[in-house]
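Student: Provided below for reference: sequence and predicted model.
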Amino acid sequence: MRVITALWMILICGPAWAVDLSVHYIRVETPTPPTLSNLDPIPDDLGLAGAQTALDDNNTTGKFLGQTYALDITELSPQDDVLGAARAALAETPFLILDAPSDVQLAIADLPEAQDALLFNVSAETPDLRSDACRGNMLHTAPSVSMRTDALAQFFVTRRWTDLAMIFGTYEDDRLFADAMRVSLQKFGISEPAEKEWAFDADMRRNAAQEVPLFTQDLGDYDALIVADEVDDFGRYIPFNTWQARPVAGTEGLTPKVWAPVVEQWGAAQLQSRFTEAHGRDMASKDYAAWAAVRTLGEAVTRTTAADAPTLRAFILSDAFELAGFKGRPLTYRGWNGQLRQPIPLVHSRALVASAPLEGFLHQRNELDTLGLDKPNSNCTAFED
């Protein structure tokens, strides 16, 4: 009914809704550590391609309303004057897409010029951005890492895989995932896993069949092995090389992702096809987060016919806002910390296995709030009226 009503409004109102909205995408290059394999190079347009796809979607609808959307892009290195670039962008538009480390995003959010702006975090998954370090002018289309680990923990509970082991890497992102995984297991009543830190510097491309069984032998027996390797260093060498023949999950094997090429239901195949046709590759998680950010603005403008940040922010955080995100459920924002509620697909390289929240995990307000920080557990106060 809402779609039909919107179409009638488009036909009746036409150019009376005319709006011009500009969005600025700021990407700060994040150095990646050396890894054992370079089989999966990072696309140069990662994230940017998702924003461009959403811009095209916005303009496709906007042409019926007299609405036009523009996207400017600034790419920086950590050595550049990031805050100066952010000030320049804010002088042109109050709508920024931030693809940068969490500390950089916080510095931009704290600029005096950004206080009445609307910023979208499409890359940083650190939980503190949704809790103690939250900012009222920042929304998050990237999930927190705890949303992903909660999705995996729900799957373990459903399958009754409660005796677990975990291998984690030495990098900060690996430890962040491992820490979140421990919290998720406790949250859903699973005992602490047996653990080992992966600190090998040998070439696993030649030695995995010899080294991995020995490394995993003293983990004992378990239902599944969790791998925490966010930088994609060693995880690919773990499946089928473990001492115990057990499922592998985490950042390898069964993985919780924002988006993956194997997600095809709920109209996702059409989004995948449009993205691939335009950019010559599969849509990745950061692409989806950037797509959701730009589409959020497009949806809010269409519903409100406004183009100022305070009006759009208020609508986006209200109960009236919904985004059709091709994930089987309407996507909305948590009013207490600005996090986009969204299902988390659990996938392997060939298929979608499940989509969290899984059946049976109930919530008094919204089942999507079983993933990540719920309101009683968040220390964010920046969104309080």
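Tutor: Structure's in. What do you need?

Student: can you give me the helices in the stretch 151-300 of the chain?
Tutor: With helices called from DSSP state H, counting those that start in this stretch, the stretch 151-300 of the chain shows them at 172-187, 204-217, 268-279, 285-304.

Student: I'd like the average pLDDT over the last one.
Tutor: Averaged across helix 285-304, the pLDDT comes to 97.

Student: got CSV for the helices of the stretch 151-300 of the chain, with distance to residue 252 and mean neighbour count too?
Tutor: C-beta: built from backbone N, CA, C; applies to glycine. Formatted as CSV, these follow (distance: least, CB to CB, whole Å; neighbours: other CB atoms under 10 Å):
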stretch, distance to residue 252, mean neighbour count
helix 172-187, 11, 20
helix 204-217, 12, 15
helix 268-279, 23, 16
helix 285-304, 15, 24
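
Student: any idea which of the ones you listed gets closest to residue 335?
Tutor: Nearest of the helices of the stretch 151-300 of the chain to residue 335, taken as CB to CB: helix 285-304 at 14.4 Å.

Student: immediately after that closest one, which helix or strand?
Tutor: Per DSSP states H and E, the first helix or strand lying C-terminal to helix 285-304 is helix 309-316.

Student: what helices or strands is that next one leaning on?
Tutor: Packed against helix 309-316 by the contact rule (3 or more CB pairs under 8 Å, 6 or more residues apart in numbering; DSSP states H and E) you find strand 118-121, helix 285-304.

Student: so which elements touch the longest one?
Tutor: In terms of contact count using 3+ CB pairs under 8 Å, 6+ apart, helix 285-304 is assigned the packing partners strand 19-28, helix 48-62, strand 67-76, strand 95-99, strand 118-121, helix 309-316, strand 323-324.

Student: and the longest one, what's buried?
Tutor: Just to be clear, that refers to helix 48-62. Neighbour counts over helix 48-62 (16 or more other CB atoms under 10 Å) mark 48-55, 57-58, 61-62 as buried.

Student: average pLDDT across it?
Tutor: On average, helix 48-62 scores 96.

Student: only C-alpha atoms, please: export it in PDB.
Tutor: The C-alpha trace of helix 48-62 is given here as PDB (Å, rounded to 0.1, in the frame of the first residue of the first chain):
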ATOM      1  CA  LEU A  48      32.700   3.600  -3.900                       C
ATOM      2  CA  ALA A  49      31.000   1.300  -6.300                       C
ATOM      3  CA  GLY A  50      28.200   0.600  -3.800                       C
ATOM      4  CA  ALA A  51      27.600   4.400  -3.300                       C
ATOM      5  CA  GLN A  52      27.600   4.900  -7.100                       C
ATOM      6  CA  THR A  53      25.000   2.100  -7.500                       C
ATOM      7  CA  ALA A  54      22.800   3.700  -4.900                       C
ATOM      8  CA  LEU A  55      23.200   7.100  -6.500                       C
ATOM      9  CA  ASP A  56      22.000   5.600  -9.800                       C
ATOM     10  CA  ASP A  57      19.000   4.100  -7.900                       C
ATOM     11  CA  ASN A  58      18.200   7.400  -6.300                       C
ATOM     12  CA  ASN A  59      18.300   9.300  -9.600                       C
ATOM     13  CA  THR A  60      16.200   6.600 -11.300                       C
ATOM     14  CA  THR A  61      13.400   7.300  -8.900                       C
ATOM     15  CA  GLY A  62      14.300  11.000  -8.500                       C
END
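
Student: dead centre of this structure: give me the residue that sits there.
Tutor: residue 142 (2.8 Å; CA atoms, centre = their mean).

Student: so what's it up against?
Tutor: 121-125, 258, 286, 289 (CB atoms under 8 Å, 6 or more residues apart in numbering).

Student: mind running it again at 6 Å?
Tutor: Residue 142 makes contact with 121-123, 125, 289, according to CB atoms under 6 Å, 6 or more residues apart in numbering.

Student: and the nearest residue to residue 247 once chain neighbours are set aside, what pLDDT?
Tutor: Sequence neighbours aside, residue 224 is the residue nearest to residue 247 in space, at 4.5 Å (criterion: CB to CB, 6 or more residues apart in numbering). Predicted confidence (pLDDT) for residue 224: 98.

Student: residue 224: neighbour count?
Tutor: Applying other CB atoms under 10 Å, we find 23 residues neighbouring residue 224.

Student: that one and residue 146, how far apart?
Tutor: Residue 224 is 19 Å from residue 146, where distance means CB to CB, to the nearest Å.

Student: surely residue 376 forms part of a strand?
Tutor: No - counting by DSSP: H, G, I helix; E, B strand; the rest coil, one finds residue 376 to be helix, located in no strand.
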